[in-house]
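*Asks:* from the sequence below, what's the structure:
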Amino acid sequence: MTICPVAIAVGCRRCLIFKVCPVKGVIGDYKQGEAREEEQSKQKK
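*Replies:* Numbering: from 1, shown residues only. Got it, this is the predicted structure:
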């Protein structure tokens, strides 16, 4: 469930306080495996 206004507008990853947000997985659109997949795809390129 995404109820954070920033997550609705641009997504959790683009939020200014993403690294310190304690509820990004609860009220935002962040998924824990998402960060690892993005890092791996960047390394392959």
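
*Asks:* list the buried ones in stretch 11-31?
*Replies:* By 16 or more other Cβ atoms under 10 Å, the buried positions in stretch 11-31 come out as C12, C15, C21, K24, I27, G28, D29, Y30. In this view, the C-beta of every residue, glycine as well, is placed from N, C-alpha and C.

*Asks:* which outside residues touch that stretch?
*Replies:* M1, T2, I3, C4, V6, A7, Q32 (Cβ atoms under 8 Å, 6 or more residues apart in numbering).

*Asks:* flag the shaky bits of the protein, pLDDT-wise.
*Replies:* 1, 34-45 (pLDDT under 70).

*Asks:* which residues of it fall in helices?
*Replies:* Along the chain, counting by DSSP state H, helices occupy 5-9, 32-44.

*Asks:* quick revisit: quick one: buried ones out of the contacts of stretch 11-31?
*Replies:* C4, V6, A7.

*Asks:* so what's the last one up against?
*Replies:* Pointing back at A7 there. C15, K24, I27, G28, D29, Y30.

*Asks:* repeat for A9
*Replies:* So A9 contacts nothing (Cβ under 8 Å, 6+ apart).

*Asks:* just to revisit the earlier point, widest-spaced pair of the contacts of A7?
*Replies:* Greatest spacing in these, by Cβ to Cβ: C15 and I27 (11.4 Å).

*Asks:* list the contacts for T2?
*Replies:* T2 neighbours (Cβ under 8 Å, 6+ apart): I8, I27, G28, D29.

*Asks:* ok, 6 Å please
*Replies:* Counting by Cβ atoms under 6 Å, 6 or more residues apart in numbering, T2 makes contact with I8, D29.

*Asks:* can you offset everything so residue one is 238?
*Replies:* From this message on, residue numbering opens at 238, which makes the last subject T239.
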